[in-house]
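Undergrad: fold the stuff below for me.
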Amino acid sequence: MWDNIYQPYQTGSEGGLIIADEEYRDSCRITLEKCERYYAITCGVYGGMMHTAFCNSTQYQETYNNMKKDLQEFIDKDTSDEEEIEFYDWFTSKY
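TA: Here you go, the predicted model:
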């Protein structure tokens with residue numbers, strides 16, 4: 001289960017207004033922010049990866065949900081170091 005850690009009226013790493021901020025199993029975090037001309041989705045796997053994707057107003061929610069799903073599936077797996085690196089490469093290429 002994703003924990004909502006959203007705090008109203010906070011500015012995100014891309015300078016936009018944070019509209020969603022969630023953490024999964026104390027292992028990863030994903031933040032959605034509305035910037036002036038786009039949406040930014042910043043996520044990280046603690047100790048392993050940090051990534052930001054940029055979306056327009058028609059695709060940000062679907063992208064956010066898909067990123068959460070992929071991160072959750074990854075965290076729930078027992079992976080080797082090599083599999084982690086492969087996931088990070090795949091994830092950052094996809095988004």
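Undergrad: rest of the way, CA atoms for contacts and neighbours
TA: Fine.
Undergrad: what sits up against stretch 64-71?
TA: C28, I30, L32, I41, Y95 (CA atoms under 8 Å, 6 or more residues apart in numbering).
Undergrad: drop anything exposed from these.
TA: C28, I30, L32, I41 (16 or more other CA atoms under 10 Å).
Undergrad: just those residues now: which is nearest I18?
TA: Comparing these against I18 with CA to CA places L32 closest, at 5.8 Å.
Undergrad: name the nearest residue to the closest one, ignoring sequence neighbours.
TA: In space, L32 comes closest to I41 once its chain neighbours are excluded; the distance is 4.6 Å by CA to CA, 6 or more residues apart in numbering.
Undergrad: can you verify A20 is assigned to a strand?
TA: Yes - according to DSSP: H, G, I helix; E, B strand; the rest coil, A20 belongs to a strand.
Undergrad: element containing the nearest residue to it once chain neighbours are set aside, please.
TA: Counting by CA to CA, 6+ apart, A20 lies nearest to L32, which is 5.0 Å off, once chain neighbours are set aside. Per DSSP states H and E, L32 falls inside strand 28-34.
Undergrad: as PDB, could you dump the C-alpha coordinates of that strand?
TA: C-alpha atoms of strand 28-34 as PDB (Å, rounded to 0.1, in the frame of the first residue of the first chain):
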ATOM      1  CA  CYS A  28      10.600   4.400  -3.000                       C
ATOM      2  CA  ARG A  29       8.900   7.700  -3.400                       C
ATOM      3  CA  ILE A  30       7.000   9.300  -6.300                       C
ATOM      4  CA  THR A  31       6.000  13.000  -6.500                       C
ATOM      5  CA  LEU A  32       3.700  14.700  -9.000                       C
ATOM      6  CA  GLU A  33       4.000  18.400  -9.500                       C
ATOM      7  CA  LYS A  34       2.200  20.900 -11.700                       C
END
